[in-house]
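Visitor: Need the 3D shape of this:
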Amino acid sequence: MTTGEPAAAGEPTVVVHHRLHADFAVPFPWLRRVLGPGSGLELDAAGLRVRFGPWLLETPLSNLAGAEATGPYRVFRGLGVRLSLADRGLTFGTTTRGGVCLRFREPVAGIDPWGRIRHPGLTVTVAEPQLVAEAVNRIVAGA
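Guide: Below is the predicted model:
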């Protein structure tokens, strides 16, 4: 999916050959309508974008530090938008079955519209968490 090639300035370059769009694992049709048609995870050469209803988290590929499939979760940890008070991690959750935990090199904005709260990681309950984790880890390894 990715290749790492040295750039002219000596910085590693990551090229994403395929665009990955991962739908949220949404067990209820009404929830999909609430989140809207644009909700999901997109990974391409422009970076990572995760939209969860009105929330949007974006970061360039160079800011990805790794990912792992996680879960299952308890109801109070896996559903809705949640900010971890322990590490400021963000969760966009639609199911307790499982998801993918994404880690960032530099914390990113996501939960508040002003970007004051920065998140070192995002847990998102996509339909194929293992696929997303593998794609992110290939990008990180190629950087």
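Visitor: So the residue nearest to residue 75 when sequence neighbours are not counted versus residue 34, what's the distance?
Guide: Among residues not flanking residue 75 along the chain, residue 96 sits closest, at 5.8 Å (C-beta to C-beta, 6 or more residues apart in numbering). In short, each C-beta sits where N, CA and C put it, glycine included. With distances taken as C-beta to C-beta, to the nearest Å, residue 96 is found 18 Å from residue 34.
Visitor: what packs against the helix or strand encompassing residue 43?
Guide: Taking DSSP states H and E as the definition, residue 43 sits inside strand 40-44. For strand 40-44, the contact count by 3 or more C-beta pairs under 8 Å, 6 or more residues apart in numbering; DSSP states H and E identifies strand 20-22, strand 47-52, helix 129-142 as packing neighbours.
Visitor: what about the strands in this structure?
Guide: 2-6, 12-16, 20-22, 40-44, 47-52, 55-59, 64-70, 79-83, 90-94, 99-109, 118-124 (DSSP state E).
Visitor: Name every strand pairing with the fifth one and say which way it goes.
Guide: Looking at strand 47-52 with DSSP bridges, its partner strands are strand 40-44 (antiparallel), strand 55-59 (antiparallel).
Visitor: Could you export the first one as CSV, keeping only the C-alpha atoms?
Guide: Meaning strand 40-44. Extracted C-alpha coordinates of strand 40-44, given in CSV (Å, rounded to 0.1, in the frame of the first residue of the first chain):
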residue,chain,number,x,y,z
GLY,A,40,-15.9,7.5,8.4
LEU,A,41,-12.1,7.2,8.1
GLU,A,42,-10.1,8.2,5.1
LEU,A,43,-6.4,7.5,4.6
ASP,A,44,-4.7,8.8,1.4
